[in-house]
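A.B. asks: coords below, sequence missing:
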């Protein structure tokens, strides 16, 4: 059996749920997770056909189609920039050096999969050589906020016995405080090299990249005796694709087209709490930070 979950960014109408039910041939009546917000439809057909029939059919509604078994995940591996926080930290840091447009263009191309991630990171960090270390703390304080729903998603999953790992192609100086504030168990990110109070223009090797993200998903799931079907991965850029493809539920979050097209699920409208509804967890059971 499969479950199609409909999650509204604003209001989920009963007629929308009924229409979705008719499109895929639901088993029994739809089950509301939260009235006017999210509903489950059980069905026994082809999940790929069901997803195609539902995704994009209803304005402002995100769709998750997955097996009913192992629906609630025991491990989440998440990207940070533009996923757990709304910004790309390297672009914001570059603003303090007066070169944001040059670096942001390269970041965008790398996230679309047009450039090799490691080479693009090296090239961007090299442009930051000489920037005062204090700019990192200023950027963190002035530019970095949490994505809506981030803290609730991670703290709810951990309260229910799950594990959470933040794996970022960004930098430890941002990822470690962000991970702690949200509630992640572990944080993995790149380390900027600093000498005499200024950035050297170099990143410690090896670089945390797409291979690292997938390897982390597989290693941590093995560490806790979990099958990949019990895992979730979420991200927005091309370097997130390997872990998204490997996870039991791989989610493209307000993602670049290449990621949205390849992921098993997409969040185009709602915030990160949509991933709790995808697991069948109603608002009454959320842990709000």
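C.D. replies: That came through fine. Being a predicted model, the structure only gives us computed values, none of them experimental.
A.B. asks: so what's residue 88 closest to, chain neighbours aside?
C.D. replies: residue 81 (4.6 Å; C-beta to C-beta, 6 or more residues apart in numbering). C-beta here means a position set from N, CA and C on the backbone, and glycine is covered the same way.
A.B. asks: actually residue 31, not the one I wrote
C.D. replies: Nearest one to residue 31, counting by C-beta to C-beta, 6+ apart, is residue 40 at 4.6 Å.
A.B. asks: next one: the longest strand that the chain contains to chain centre, how far?
C.D. replies: For the chain, the longest strand by residue count, based on DSSP state E, is strand 163-171. Counting by C-alpha atoms, centre = their mean, to the nearest Å, strand 163-171 is centred 10 Å from the centre of its parent chain.
A.B. asks: what's the answer for stretch 104-118, then?
C.D. replies: 18 Å.
A.B. asks: start to end distance for that stretch?
C.D. replies: Stretch 104-118 has an end-to-end distance of 15 Å (criterion: C-alpha to C-alpha, to the nearest Å).
A.B. asks: which residues touch that stretch?
C.D. replies: 82, 88, 90-91, 94, 120-121, 123-124, 169, 207, 209-210, 236-239, 241, 256-258 (C-beta atoms under 8 Å, 6 or more residues apart in numbering).
A.B. asks: tell me which residues of that stretch are tucked away?
C.D. replies: 104, 106-107, 110-111, 113, 115, 117-118 (16 or more other C-beta atoms under 10 Å).
A.B. asks: stretch 219-226 now?
C.D. replies: Applying 16+ other C-beta under 10 Å to stretch 219-226 flags 220-221, 226 as buried.
A.B. asks: pLDDT weak spots in this structure?
C.D. replies: For the chain, the stretches with pLDDT under 70 are 289.
A.B. asks: quick one: the strands in it?
C.D. replies: 2-8, 31-34, 38-43, 61-67, 75-78, 163-171, 186-190, 192-195, 198-203, 231-235, 249-253, 265-267.
A.B. asks: out of those, flag the one nearest residue 24.
C.D. replies: Closest approach to residue 24 among those is made by strand 38-43 (4.9 Å; C-beta to C-beta).
A.B. asks: residues contacting that closest one, please?
C.D. replies: 1-8, 12, 17, 20-21, 24-28, 30-33, 50, 68, 274, 277, 280, 282.
A.B. asks: go with 6 Å
C.D. replies: Under the contact criterion C-beta atoms under 6 Å, 6 or more residues apart in numbering, strand 38-43 has outside partners 1-7, 17, 21, 24-27, 30-32, 277.
A.B. asks: which of those residues are buried?
C.D. replies: 2-7, 17, 21, 24, 26, 30, 32, 277.
A.B. asks: okay, these in CSV with distance to residue 164 next?
C.D. replies: CSV is the format used below for the buried ones among the contacts of strand 38-43 (distance: C-beta to C-beta, whole Å):
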residue, distance to residue 164
2, 26
3, 23
4, 26
5, 21
6, 25
7, 20
17, 31
21, 33
24, 32
26, 32
30, 30
32, 27
277, 18
